[in-house]
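S.K.: Structure for this input, please:
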Amino acid sequence: MQARCCASAGTRASRVASKVTPVHQQGGCATPVSRCTSMAQRLGWPHSGQRLGSMAVGVDMAASLALERRVGAVPRLDLALLSAPRALPVPAHAYSRLPPLLLVLLLGHALVHFGLGWVLGLSGDEAHYALYAAHPALSYYDHPPLVGWVQWPLVALGAPDGLLRLLPEALWLATALFIFSMARRLQGPLSAGTTAASADAGLWAVLAYSLAPVLHVLGIGLLPDTLLMFFTAAILWQTLRMLDAAEAQRLSAWLLLGGLLGLAGLAKYTAIFAALPVAACLLAAHGLRLLRRPAPWLALALAVVLVLPVFIWNEQNGWISFTYQLHHGAGSHWQWQQLAGFLLAQVLLYPLLLWGVFGLRRAVLDGAGLPRPQAWLLSFFVLPFTVLAYLSGGGSSLPHWTAPAWVALAPFAGVGLAALWAAGRKRLIWVLGGVQAFFTLALYVLMLMAGPTWLQAEAPGSTETETINPFTDFYGWDAAGAKALQLAREQQTTRLVVQNWTLASRLAWYARPLPVHVIAPGFDQFSLWSGELPLGADAVLLDWSQMAYQLPVGEGQFQRCEPLDSFAVARTGRPVARFSFYHCSGWGGRPAPRRLGEP
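M.R.: Have a look, this model is predicted:
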């Protein structure tokens, strides 16, 4: 009897509005919305994994549509009903298991990430953040501490580079699963009997995510952006769940949200761009009365407590990290050309995700609807992307900094791509997907080859600057570190020096435990770790052909530098870079580095 009552509610809703009685007032199905929910679970209804909430809103909406059809009006979806705080259920998908196609897609990329993680050496950024783990602290000069903390156990155990890279690989996979789940929730249940993979927004979202080349770089090497990618997806997922009035009543849900926000703040300062949309979405869903409840304030307090180490460290060190970030974010002279270049790079790197937005518009216009609180979820993309695009005009924004924003857009892009495919826009999707697949495959190949075959190191003694080849970053630094340790022992010195901090990171990682000094003006993290090179000191100097400098000999610098050794790094039968070592003595204390070829 209860089953017939619950099942017939939708049929009665299609009658004229004057004859409709809300479900929660109808005898046997009434009080027990919980009984209807239980019955729905037994029957396997698509919404059976959640509370049905106030079913009266669904009845009112159906009745409104029926009335409009009767008077000849064009049917429309009343978003005001959907955005009512008392009834904003988050739809569950009809499928309960991960589809085989998704598992194959994720497993394939995971295996590639794992293989490359063991073959490639650490990049400059990776080595820098691995050194965080070798020097545990409450925070650091250029970033919050979480990227070092999560690596600390493995670094303390002396784990090889390949094991360290299991962390970003796991974060990449977890981010993909969050994206998959959110896209399905946004899409709602599929039509009865629909099993085609092309109709599944979750699959489309993960496909678009997995075809973005930059996101694979972050899935191989652990950067703060890798962590922020994961936490942005987790925060967005939790916020989407809390749009449901029942979920927002649970203290545990608020504490989880506060914990995620705090951990995101420990990952990167730009996590603030994820915190603001959370407030906008939840206030749009539940109204200002939310602020009168203790749970949101407890969540905020938890987030603040978690990020306290950053403030404590900065207070102890003269607020140098905040000062550096403000100066770094300001950039230099703002130019339209730099903004245009940044936007072009984004379009080329994320075309499938971008095109999914147009499909989302089609899905909404075709009647799928997007409740106002869910529409606010798009601010997880819009806010950080807009700020970073503006900063790019001053030259202070890198292409991978927008990765968390694109991750936030991926679930919506999945809904849009599914709608576009259903609308027959298959050729364009094939073209854009093919372009991204080509770029992703090319990235993998170039990593293994150390760049295009026509790029190679200059001959020994050449005064020409080499063409920049970013793929050489992954090769030769382990051997260079071992050679530096050997030469330091032979020269009976305990110091290594370089003329740029990015060189210092890789040398310091592979030549541990010797300190590395950066003989360059300014302040950086190595100023805290190693300090200034003492006056009159001697050291082993490393020079790398991809960032070659003139020897630091002259007034205020070293009195002399004698060559010790050099070797070339070969890949695919060609030299791709060259390391040179010198014993320098008599340091004068006034660094003035000059790149090779500068007057």
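
S.K.: show me where pLDDT drops low in the stretch 251-400 of the chain?
M.R.: 328-332, 358-370, 396 (pLDDT under 70).

S.K.: run the last query once more with 90
M.R.: Under the criterion pLDDT under 90, the flagged ranges of the stretch 251-400 of the chain are 323-339, 341-342, 344-378, 391-400.

S.K.: can you give me the helices in the stretch 101-250 of the chain?
M.R.: In the stretch 101-250 of the chain, the helices defined using DSSP state H, counting those that start in this stretch lie at 124-134, 146-149, 152-156, 161-164, 166-187, 201-210, 213-220, 224-241, 245-248.

S.K.: err, the stretch 301-450 of the chain, not the other one
M.R.: Counting by DSSP H, counting those that start in this stretch, one finds helices in the stretch 301-450 of the chain at the ranges 320-330, 336-349, 351-363, 372-376, 379-392, 403-422, 426-449.

S.K.: Burial-wise, tell me which of the ones you listed comes out on top.
M.R.: Stretch with highest mean neighbour count among those: helix 403-422 (a mean of 27; mean count of other Cβ atoms under 10 Å). (C-beta placed from N, C-alpha, C; glycine too.)

S.K.: export it as PDB, just CAs?
M.R.: This file holds the C-alpha atoms of helix 403-422, laid out as PDB (Å, rounded to 0.1, in the frame of the first residue of the first chain):
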ATOM      1  CA  ALA A 403      44.700  23.900 -12.300                       C
ATOM      2  CA  PRO A 404      42.500  23.900  -9.200                       C
ATOM      3  CA  ALA A 405      40.000  26.200 -10.900                       C
ATOM      4  CA  TRP A 406      39.700  23.900 -13.900                       C
ATOM      5  CA  VAL A 407      39.200  21.000 -11.600                       C
ATOM      6  CA  ALA A 408      36.300  22.800 -10.100                       C
ATOM      7  CA  LEU A 409      34.800  23.400 -13.600                       C
ATOM      8  CA  ALA A 410      35.200  19.700 -14.700                       C
ATOM      9  CA  PRO A 411      32.000  18.400 -13.200                       C
ATOM     10  CA  PHE A 412      30.000  21.100 -14.900                       C
ATOM     11  CA  ALA A 413      31.900  20.500 -18.100                       C
ATOM     12  CA  GLY A 414      30.900  16.800 -17.900                       C
ATOM     13  CA  VAL A 415      27.300  17.700 -17.700                       C
ATOM     14  CA  GLY A 416      27.800  20.000 -20.700                       C
ATOM     15  CA  LEU A 417      29.700  17.500 -22.800                       C
ATOM     16  CA  ALA A 418      27.000  14.800 -22.200                       C
ATOM     17  CA  ALA A 419      24.400  17.300 -23.400                       C
ATOM     18  CA  LEU A 420      26.400  18.300 -26.500                       C
ATOM     19  CA  TRP A 421      27.000  14.700 -27.400                       C
ATOM     20  CA  ALA A 422      23.300  13.900 -27.100                       C
END
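
S.K.: Numbering from 52 from now on, please.
M.R.: All set: I'll call the first residue 52, so the last point we hit is now helix 454-473.

S.K.: Just the angle for that helix relative to helix 252-261, thanks.
M.R.: 130 degrees (axes from the mean of the first three to the mean of the last three Cα atoms, to 10 degrees).

S.K.: orientation of helix 454-473 relative to helix 275-292 in degrees?
M.R.: Going by the same axes, to 10 degrees, helix 454-473 makes 60 degrees with helix 275-292.

S.K.: Surely residue 462 is in contact with residue 226?
M.R.: No. Using Cβ atoms under 8 Å, residue 462 makes no contact with residue 226, being 11.3 Å away.

S.K.: before we move on, back to that, compare the helices of the stretch 152-301 of the chain and give me the one nearest residue 498.
M.R.: Shortest distance between residue 498 and the helices of the stretch 152-301 of the chain, using Cβ to Cβ, is found for helix 264-271: 8.2 Å.

S.K.: Taking helix 275-292 as reference, get the angle to that closest one.
M.R.: 100 degrees.
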